[in-house]
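[1] The following block contains a protein sequence and its predicted model.
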Amino acid sequence: MTSQRQERERYKPHEIEPKWQQRWVQDELYRVRDDDPRPKWYELTMYPYPSGDLHIGHWYAMSPADAHARFRRMQGYNVLHPMGFDAFGLPAENAAIRRGIHPFTWTMSNIENMRGQLKSIGASYDWERELICCLPEYYKWTQWLFLQLFKNGLAYKRMAQVNWCPSCQTVLANEQVVEGACERCDTPVIRRDLEQWFFRITQYADELLDFSKLDWPEKILTMQRNWIGRSEGADVSFDISECGLPEQEIRTFTTRVDTLFGVTYMALSPEHPLAEALTTPDRKAEVQAYQEQARHSSEIERQSTEREKTGVFLGAYATNRINGERVPIYVSDYVLMSYGTGAVMGVPAHDTRDFAFATMKGLPIRVVVAAPDWDGNALDEAYTGEGIMVNSDFADGLPNRQGATAIVDRIAEQGHGRRTVTYRIRDWLISRQRYWGTPIPVVYCDTDGIVAVPEEDLPVLLPEDAEFKPTGESPLKRHEGFVNTTCPQCGGPALRETDTMDTFVDSSWYFLRYTNPHFDQAAFDPELVRQWCPVDQYTGGAEHAVMHLLYARFFTKALRDVGVLQFDEPFVRLYNQGTILGEDNEKMSKSRGNVVNPDDYVGTLGADAVRIFLMFLGPWDRGGSWSSTGIQGMSRWLNRVWDLCTRDASSQGKGTEDGTREVVRQTHKTVKRVIEDVDGFHFNTALAAMMEFTNFLAKAWDRGEADAGSWAKAVESLVLLLAPLAPYVSEELWERTGHAYSVHQQALPTWDEEQTRDEEVTLVLQVNGKVRDKIIVPANLSEEDARILVEQSANVHRHIEGKEIRKVVYVPGRLLNVVVG
RNA sequence: GCCGGAGUGGCGGAAUGGUAGACGCGGCGGACUCAAAAUCCGUUGGGGGAUAACCUCGUGUCAGUUCGACUCUGACCUCCGGCACCA
């Protein structure tokens, strides 16, 4: 055997991998046919940003996804598993400013490099369908889609207080502000008033909360639910007619209308439009100073819950119409202009924030919902639970939920309020004051105002000769040739919009474009979209929960309403892979020096080893740590697989009858386990099953138990099962075992349930639930026979001797438990 | 604070009511080698016992359900992720 092994060729990944890579390209093995009659399966992985280097995180996202797509192909589906590049975005422009390279050049050369690295993964991408969203052939249609939203009132421009990142020199969407700082660069965000373009995502808030058609991780649904933040409550208006202003009332939103009799003050956001007018002359200076201070404090400072409540009395009063009481009006920065109406009714007894504020200002705290154990004394803290209404006139004595109904009915009757729903989500701000993005296709004309660029004039091209300087101003703004244009309506002089779109607009529809990425008649070919979409299985990181994944859902629904799509949801199933960490269990980063370069391992151990190691290190959705010794183990195993599969089985002779039967049984068992595991993304246990199988085969060979036929079948099954996970070595072994090219066009092996059953099993003998003996018995052993056998076990005997047998539990094929007392 | 998820050998993990620790890494012992690397074989949760038989402890903690609990129930602790002055 040893001598034979030396004669055979060894596993040389660095030789076979480039060979098959070329062959597959040459044969167009992964070309996806639209006219294939098999059922379709669209399996999509989130496309990467072309940063220039394919790192191990990309491999972790892509190789298991590719394995699953290949697996579906071997299951008989016509699989679309495309790849492309999220090619617009800030890093390219920053490189242009710092190093003088044009963003286009920088991006395309990065793509060039990454495409090569991607090919080494051995993924089954059809490169004919590659999509690059910074090319005019793509962004022309991003602009076209923008125009459809614009024409349908789903895209609009308005002045708004927006998040501005001073480092990125652009506004950000709410979704891109994390704890008051820029999601990209961590710079604290400041607020600015700017005229900006928005998409009306709020119009879809309720529909976006309907997840009934989705098979998505609960975690993502929860995050989207929280982000949309639907709360049911009531609008209540307070009378300010005594102040002599045009406005007669202040509207507030509350989820606790039952506490309306407990209002002892009102608080407005510092940015509230009525704040200034309501301020009495003697308070002007103080109020203005407070507003000024609020404007300059950062989001982080303002949003800190630990901070003490502050605020200033305006000098004015509002009347609570339910009881005719006059309450003082304050401004306070704990009230956010962006939520509800920007004004709150202060109920210190039943809201922790209001309690803190009232305590600070010495305002009355009136209990209107009595806790079951309330003794009538002053509260130490706000009571936010359920209770019986008190101090509330007609509502007294009611449980507070019923009290809420009574009160809202009364104010609705009197026209001072009504039931309403408020959302946390705001419209999606898509303007970016940067060059490297899709230009927003509108012009501004003195006569006609905002005018959409006619569809036949698309694309609005990015000027190639823009200048990139660190001034913080968009190069488009300074580019006269770009800015100055004529109005499509009146022909007079007009100015182009110089803002570009958030790159999340590009990725909100890219999955549609893959069906025919070079189609020049429309954004997508409706026929092919009908055929391929929606995406059956989407995979990617959970960090996109309330950005990309929410935007793409919105876009799909909006395009449906515009009339160009027929479905409601872009991604039917979603799987989030975890994060790959460095060898030190820390997030990989250059500063930590724990970054793993996949190319190093591809060059030595091969792409297959990298792929299967990433799949083996644990459940895919949990992530895991890189291990340089762990991957050696995978490589060792591939060598063993190679060795087993290249043996000459005819030298084995006839084997033994029992041995052969066992080889057949283990083959069927393994086929079943691996197929079920890979189907459910459990790559780690699928590989473990194959390893157990190879361990078994090696032993069976050494004992001379297998006959040539069962051995060949075992090897064939193993190679087929391995093919989706380790495509190169499987292809090579498929050829070397005398099969016709290509393993990747084969069907998965099948198993026969009957053949997976063991004839003999280990029966565990327990006394009072403790294992006392193990015996080998026929699988179909009857309970009577089992009871006889247990009598013969000396060990069991010792533990039941002299004791009364109370009960015997027999689980066929598993155990027999004798309960004694 | 609220909402998720997770706690199992030296490490990654397996087992979702029935033999805890599959599989892999690492360790130890051995074969091959002048030697090393690579490879192969054996062994590997802790304690007791003689390296045996066997006993005992052991899946974050404490209770409970059950013949039997990593698995189910309740309370708590820790870690990770998300959200957070949202009225």
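    Cool, the structure landed. Residues are numbered from 1 along each chain as shown, chains lettered A, B, ... in the order given.

[2] drop to CA atoms for contacts and neighbour counts, all remaining ones
    Noted.

[3] A:Cys243 reaches A:Leu278, doesn't it?
    Yes. Using C-alpha atoms under 8 Å, A:Cys243 is in contact with A:Leu278, at 7.1 Å.

[4] what's the neighbour count on A:Gly52?
    17 (other C-alpha atoms under 10 Å).

[5] gap between the residue nearest to it when sequence neighbours are not counted and A:Pro48?
    Excluding the flanking residues, the one nearest A:Gly52 by C-alpha to C-alpha, 6 or more residues apart in numbering is A:Asn110, at 4.1 Å. As judged by C-alpha to C-alpha, to the nearest Å, A:Asn110 and A:Pro48 stand 11 Å apart.

[6] those strands in the stretch 351-500 of chain A, which residues are they?
    A:369-370, A:388-389, A:417-422, A:428-429, A:431-432, A:442-445, A:449-452, A:484-486, A:493-496, A:500-501 (DSSP state E, counting those that start in this stretch).

[7] Residues contacting the second one, please?
    Looking back up the chat, that one is strand A:388-389. A:368-372, A:395-400, A:403 (C-alpha atoms under 8 Å, 6 or more residues apart in numbering).

[8] One more: stretch A:587-606?
    Counting by C-alpha under 8 Å, 6+ apart, A:13-14, A:17, A:54-56, A:59, A:117, A:120, A:580-584, A:586, A:607, A:609-610, A:626, A:632, A:635 sit against stretch A:587-606.

[9] same thing with stretch A:334-349?
    Counting by C-alpha under 8 Å, 6+ apart, A:250-254, A:259-260, A:262-272, A:302-303, A:309-310, A:354-358, A:364-368, A:379, A:381-383, A:422-424 sit against stretch A:334-349.

[10] Which among these count as buried?
    A:250-254, A:259-260, A:262-272, A:302, A:309, A:354-358, A:364-368, A:379, A:382-383, A:422-424 (16 or more other C-alpha atoms under 10 Å).

[11] what residue ranges in chain A are flagged as low confidence?
    A:1-7, A:298-306 (pLDDT under 70).

[12] Give me the domain ranges for it.
    A:231-422, A:598-756, A:760-820 (automatic domain parsing).

[13] Return the distance of the longest one from the chain's centre.
    Relative to the mean C-alpha coordinate of its chain, domain A:231-422 is positioned 37 Å out (C-alpha atoms, centre = their mean, to the nearest Å).

[14] do that domain and RNA strand B meet at all?
    Yes. Applying C-alpha under 7 Å from any atom of the strand, one finds domain A:231-422 in contact with RNA strand B at A:231, A:233, A:253-256, A:302-305, A:307-309, A:333-345, A:353.

[15] Write the PyMOL selection for whichever of those are buried.
    The PyMOL selection below is limited to those of the residues of domain A:231-422 next to RNA strand B classed as buried (16+ other C-alpha under 10 Å):
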select buried, chain A and resi 233+253+254+255+256+302+309+333+334+335+336+337+340+341+342+343+344+345+353
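
[16] Not including adjacent chain positions, what is the nearest residue to A:Thr352?
    A:Ala382 (5.1 Å).

[17] ok, the one you found - contacts?
    A:Ala382 neighbours (C-alpha under 8 Å, 6+ apart): A:348-352, A:355.

[18] Now do the buried residues in stretch A:689-699.
    A:689-691, A:693-694, A:697.

[19] Would you check that A:Trp509 makes contact with A:Tyr551?
    No. With contact defined as C-alpha under 8 Å, A:Trp509 does not count as touching A:Tyr551 (9.3 Å).

[20] Was I right to think A:Thr420 contacts A:Gly233?
    Yes. With contact defined as C-alpha under 8 Å, A:Thr420 reaches A:Gly233; the gap is 5.4 Å.

[21] Quick check: neighbours shared by these two?
    Common neighbours of A:Thr420 and A:Gly233 (C-alpha under 8 Å, 6+ apart) do not exist.

[22] Tell me which of the buried ones among the contacts of stretch A:334-349 fall in helices.
    A:302, A:354-358 (DSSP state H).

[23] Can you tell me which of those residues comes closest to RNA strand B?
    Nearest to RNA strand B among these, counting by C-alpha to the nearest atom of the strand, is A:Arg302 at 5.0 Å.

[24] So stretch A:548-555, near RNA strand B or not?
    No. Contact of stretch A:548-555 with RNA strand B is not found when judged by C-alpha under 7 Å from any atom of the strand; the minimum separation is 12.9 Å.

[25] Dump that stretch to CSV, keeping only the CA atoms.
    What follows is stretch A:548-555, C-alpha atoms only, in CSV (Å, rounded to 0.1, in the frame of the first residue of the first chain):
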residue,chain,number,x,y,z
HIS,A,548,-29.8,48.1,2.2
LEU,A,549,-32.4,45.4,3.1
LEU,A,550,-35.0,48.0,4.0
TYR,A,551,-34.3,50.2,1.1
ALA,A,552,-34.5,47.3,-1.4
ARG,A,553,-37.8,46.3,0.0
PHE,A,554,-39.1,49.8,-0.3
PHE,A,555,-37.8,50.1,-3.9
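
[26] gap between it and the chain center?
    11 Å.

[27] now stretch A:463-477
    Worked out by C-alpha atoms, centre = their mean, stretch A:463-477 lies 33 Å from the chain centre.

[28] And for stretch A:548-559?
    13 Å.

[29] and for it, what are the contacting residues?
    A:149, A:154, A:201, A:204, A:208, A:224, A:504-505, A:507-509, A:565, A:567-570.

[30] and which of those residues is nearest to RNA strand B?
    The closest of these, once distances to RNA strand B are taken by C-alpha to the nearest atom of the strand, is A:Gln224, at 8.2 Å.

[31] ok, for that closest one, nearest residue in space, not its chain neighbours?
    A:Val546 (5.7 Å).

[32] A:Trp734 now?
    A:Trp734's closest residue in space is A:Val743 (C-alpha to C-alpha, 6+ apart), at 6.1 Å.

[33] what's the helix or strand for A:Lys164?
    That one is not Lys; residue A:164 is Trp. strand A:155-165 (DSSP states H and E).

[34] strand partners of that strand, parallel vs antiparallel please.
    For strand A:155-165, sheet partners with direction are given as strand A:170-172 (antiparallel), strand A:190-199 (antiparallel), following DSSP bridges.

[35] Show me the contact partners of that strand.
    Contacts of strand A:155-165 (C-alpha under 8 Å, 6+ apart): A:146, A:149-150, A:170-174, A:177, A:181-182, A:187-200.

[36] Would you mind listing what in the stretch 601-750 of chain A touches RNA strand B?
    Counting by C-alpha under 7 Å from any atom of the strand, the stretch 601-750 of chain A sits next to RNA strand B at A:616-619, A:622-625, A:627, A:629-634, A:636-637, A:639-640, A:684-685, A:687-689, A:691-692, A:695, A:698.

[37] The stretch 451-600 of chain A now?
    Counting by C-alpha under 7 Å from any atom of the strand, the residues of the stretch 451-600 of chain A that sit close to RNA strand B are A:Glu543.

[38] can you give me the helices for the stretch 451-600 of chain A?
    Using DSSP state H, counting those that start in this stretch, the helices of the stretch 451-600 of chain A run over A:480-483, A:503-506, A:510-513, A:526-532, A:548-562, A:598-604.

[39] Who are the packing partners of the first one?
    Applying 3 or more C-alpha pairs under 8 Å, 6 or more residues apart in numbering; DSSP states H and E, one finds that helix A:480-483 contacts strand A:493-496.

[40] residues contacting A:Thr384?
    Contacts of A:Thr384 by C-alpha under 8 Å, 6+ apart are A:350-352.
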